[in-house]
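K.L.:
for reference, the sequence and a predicted model appear below.
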Amino acid sequence: MENILEVQNLVKNYGDFQAVKGISFSIKDGEIFSLLGPNGAGKTTTISMLSTLYAPTSGDATIAGHSITKDAMGVRNAIGVVPQDLALYEDLSARENLIFWGQMYGLSGASLKNRVEEVLNQIGLVDKAKDRVKTYSGGMKRRVNIGVGLLHKPKLLFMDEPTVGIDPQSRRAILDTVKDLNKQGMTVLYTTHYMEEAEELSNRVGIIDHGRLIAIGTQKELTRQVGESETLILHIGENEDPEALVTAFKGIKGVLEANAIDHEISVVTPSAADVMAPVVTKANERGIKIHSIDIREPNLEAVFLHLTGRALRD
Amino acid sequence: MLKTLLIGIKDVKLAFRDRAALIFMLLAPFLLTLGMGLVTGRFSGGNSTGISDIPVVIVNLDEGELGQALVDTFNSEELADLVEPSPGTSPEAARQLVEDDKAAAAIIIPMGFTRSVIPQTGDFDNGSEPEVLQIELYANPTRPTSAGIVKSILDEFMSRIEEGSVSGQVSIMQLLISGRISPQDAEAAGQEMTEKLQNAPDDDTLAIALNTSTADGAEVDFDILAYLAPGMALMFLMFTVSYGGRSILAEKAQGTLPRLLVSPTNSTQILGGKVFGIFLTGAAQMFILIGGTSLLFQLKWGDPLGVIVLVLAAVFGATGWGMIITALAQTPAQVGSVGSALMLIFGILGGSFIQLDQMPAYVQAISRITPNSWALDGFTTLALGGTLAALSTPVTALLTMGGILFVASVILFGRKNLAQK
Ligand SMILES: Nc1ncnc2c1ncn2[C@@H]1O[C@H](COP(=O)(O)OP(=O)(O)O)[C@@H](O)[C@H]1O
Ligand SMILES: [Mg+2]
């Protein structure tokens, strides 16, 4: 398959601060590629350069054959952008927003009209299309924000953390939309700090931290780096003290790593079956009730932890 | 080009959907016009103009009764507050006083004026046509309102004489009663008037023309609202242009400007669209206010073509100011507060509250940086019956002002990073 995007050593300085420190990667035509990284990693800065909003300090990228530094207009025609923060006219209705933005992408007449109705359908806002955006819920606004990026059927769609700060249902709807769009042939560059989203959506993932791409590949390729370990997730009662248990678990033979986040304890081990019994015993000894136990295959969270020594969300 | 228009139209739509903006754009100027109209008595039948002691130089070269009557009229009790007449020595000296801005107008009554209106027996024996000499009004263009008032007094005086010479007897009686001609002259004057009527082939030759060097319109009855309404509209036009400028920075902060910049639209089209939007919103505001006051207050703004051209020029000049404060400001809030300050300062300096005539010369000079003062001159000229032809000075000034401010703000915008949120 062809590469629709090729990034070569892209750097961005804000004054003395280097937000993006020379990243290179490529995206194949038709895939969903996720940039996964914590807040401040440089995801938005990267998208801003690729979408020709900011000029890179050095490096270059080509999108559908157009260089972002030499042929900005060519790039802009090929891409759709869904910015991290809502960028809509709140005093216009959803339909009026879509019409205006469609015009900015050169659509007009019947094709504009049809396309706007199609997109309204796709984002599920036909009924509310006449209402001003400012009367919408956060999730509805996000959907309009996405709709604007789809109007001209771009070859490559940039979506910068499109699910931040919304309810689970809207989030579900958005993730399904992304998968639909991809099925219809759209290539997607998706950024997120939610491991689950990257896992669910992407063919390939790039892990970005402090302006560097620290790992890139399919999920299998990435998790292999952590070894063949599994993770036990234990849910305990709200009034229990997880720290004492974590210390006790670390003493069990075969436990590589134990961590507590709120009332969830994660235990990393080469074999979940082997440590299950001693874990339950340790909890019982302390009179701590375990509500449930999940076994997880190695995940991207573990990869991030392995590579940086930090949790993805801190 | 098309995208520029579309962006501008979008901005007009947004401005007219913003309730707070509508209050400032339309309601406030309308209510203030109404309020000031009430204060000045426009709606209670009076016609106090808030203007007083207009300096007028009168040069009376006529030896007859009518010249004197005109001088007396200006010196009469009723006009004592309004005008401050002083006798001039020669036409040249009087015109010079106007040139030097020492007087709002000079009135020059030519030699033999009375005799040309009321010919003596034998004047036409040689077959010559009766020809009425013209009184010259030399008006000060920087004081159009005051000059307009002088002109309307003069017009009224003229029409009284004219009516008088048509219905001879009555008018002689009136002139007699008011002490403007002596009883000894009355009989002769009456006879001559009647004779003149018989001699005259048609009424046209009787018409007494007024030769003014400024507005040359028909009857003038200056309505104070014709000054107040444009004053208020122009003041709140400054609100609209700063609101528009503010929206450029607001779009940057709300992310729609960066979004436009990553669409296949170049920055010239975007900035052009924003400017066009400001211009269009300002023009819409002015035309709505003009339409509204015409309908509700029966206000006559004057020559429609002149009004249209002047509004467009004024909005252009004001848009330049909106752009420059936006180019200099960092945040939308800064544009808002600088814009409000400028609106008030320009409103006062530009004559929206206090007649410029009554301000010291240096204030009048400074006021020329405001679009308000030029446009207000233009609107006064139009209300006094002037047409498009008489507007070249204010229109040129406004267009020049707008042009200079545009170039300056484009240079400043070039240094500004519009992409950065
Ligand atoms: N305009 C800017 N000026 C200076 N620093 C910035 C600017 N934008 C982002 N940064 C910094 O660059 C880093 C990367 O930011 P960003 O690309 O927004 O990260 P992400 O989208 O992954 O959260 C952060 O440390 C942020 O504070
Ligand atoms: Mg970001």
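P.N.:
That came through, no problem. Ligands and ions are numbered 1, 2, ... in the order given.

K.L.:
helices of the stretch 51-200 of chain B, residue ranges please.
P.N.:
In the stretch 51-200 of chain B, the segments counted as helices under DSSP state H, counting those that start in this stretch are B:65-74, B:91-99, B:113-117, B:144-166, B:168-177, B:183-199.

K.L.:
okay, now the domains of chain A?
P.N.:
A:3-223, A:228-297 (automatic domain parsing).

K.L.:
winner for burial among these?
P.N.:
Per residue and on average, the most neighbours among the domains of chain A fall to domain A:3-223, with a mean of 19 (mean count of other Cβ atoms under 10 Å in any protein chain shown). Heads up, the C-betas are built off the backbone N, CA and C, glycines and all.

K.L.:
taking the stretch 1-150 of chain A, what residue is nearest to ligand 2?
P.N.:
Using Cβ to the ion, the single residue of the stretch 1-150 of chain A nearest to ligand 2 is A:Thr44, 3.2 Å away.

K.L.:
typo on my end, it should be the stretch 101-250 of chain B
P.N.:
B:Ala250 (21.5 Å).

K.L.:
tell me who's in contact with that residue.
P.N.:
B:Pro332 (Cβ atoms under 8 Å, 6 or more residues apart in numbering or on different chains).

K.L.:
ramachandran angles for it?
P.N.:
Here is the backbone geometry of B:Ala250 (degrees, to the nearest 10): phi -70, psi -40.

K.L.:
distance of it relative to chain A?
P.N.:
11 Å (Cβ to the nearest Cβ, to the nearest Å).

K.L.:
and for B:Thr73?
P.N.:
Distance from B:Thr73 to chain A, by Cβ to the nearest Cβ: 59 Å.

K.L.:
for B:Thr240, which three-state class applies?
P.N.:
For B:Thr240, the assignment made with DSSP: H, G, I helix; E, B strand; the rest coil gives helix.

K.L.:
so which residue of the stretch 151-300 of chain B comes closest to chain A?
P.N.:
Going by Cβ to the nearest Cβ, chain A is nearest to B:Gly255 of the stretch 151-300 of chain B, at 3.4 Å.

K.L.:
what is the neighbour count of that residue?
P.N.:
For B:Gly255, the count of nearby residues is 17 (other Cβ atoms under 10 Å in any protein chain shown).

K.L.:
now mean pLDDT too, for the domains of chain A, in TSV please.
P.N.:
Below are the domains of chain A laid out as TSV (pLDDT from 0 to 100):
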stretch	mean pLDDT
domain A:3-223	95
domain A:228-297	84
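
K.L.:
closest to B:Val262 out of those domains?
P.N.:
domain A:3-223 (4.5 Å; Cβ to Cβ).

K.L.:
that closest one vs ligand 1: in contact?
P.N.:
Yes. Domain A:3-223 reaches ligand 1 (Cβ under 6 Å from any ligand atom) through A:14, A:17, A:19, A:37, A:39-45.

K.L.:
first vs last residue of that domain, how far apart are they?
P.N.:
This stretch, domain A:3-223, spans 24 Å end to end (Cα to Cα, to the nearest Å).

K.L.:
in chain B, which spans are strands?
P.N.:
B:54-60, B:83-87, B:105-109, B:135-139, B:210-212 (DSSP state E).

K.L.:
give me the domain ranges for chain B.
P.N.:
If you go by automatic domain parsing, chain B breaks into B:2-43+B:222-416, B:54-204.

K.L.:
could you list everything the residue nearest the centre of chain A pairs with in the sheet?
P.N.:
The residue lying closest to the centre of chain A (Cα atoms, centre = their mean) is A:Thr192, at 2.4 Å. Per DSSP bridges, the residues bridged to A:Thr192 are A:Leu36.

K.L.:
wait, what's in contact with it?
P.N.:
A:34-36, A:161, A:163, A:198.

K.L.:
closest one to chain B out of these, please.
P.N.:
Nearest member of those to chain B, counting by Cβ to the nearest Cβ, is A:Glu161, at 13.4 Å.

K.L.:
contacting residues for the closest one?
P.N.:
Counting by Cβ under 8 Å, 6+ apart, A:Glu161 touches A:43-44, A:84, A:191-193.

K.L.:
may I see these organised as TSV, with distance to A:Pro298 added?
P.N.:
Putting the contacts of A:Glu161 into TSV (distance: Cβ to Cβ, whole Å) gives the following:
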residue	distance to A:Pro298
A:Lys43	23
A:Thr44	28
A:Gln84	29
A:Thr191	22
A:Thr192	19
A:His193	19
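
K.L.:
number of residues surrounding the residue of the stretch 251-400 of chain B found nearest ligand 1?
P.N.:
Closest contact between the stretch 251-400 of chain B and ligand 1, by Cβ to the nearest ligand atom, is at B:Pro258 (11.3 Å). Counted with other Cβ under 10 Å, the neighbours of B:Pro258 add up to 24.

K.L.:
which residues sit against stretch A:224-234?
P.N.:
A:215, A:256, A:264-272, A:275-276, A:279, A:283, A:290, A:292-299, A:302-303, A:306-307.
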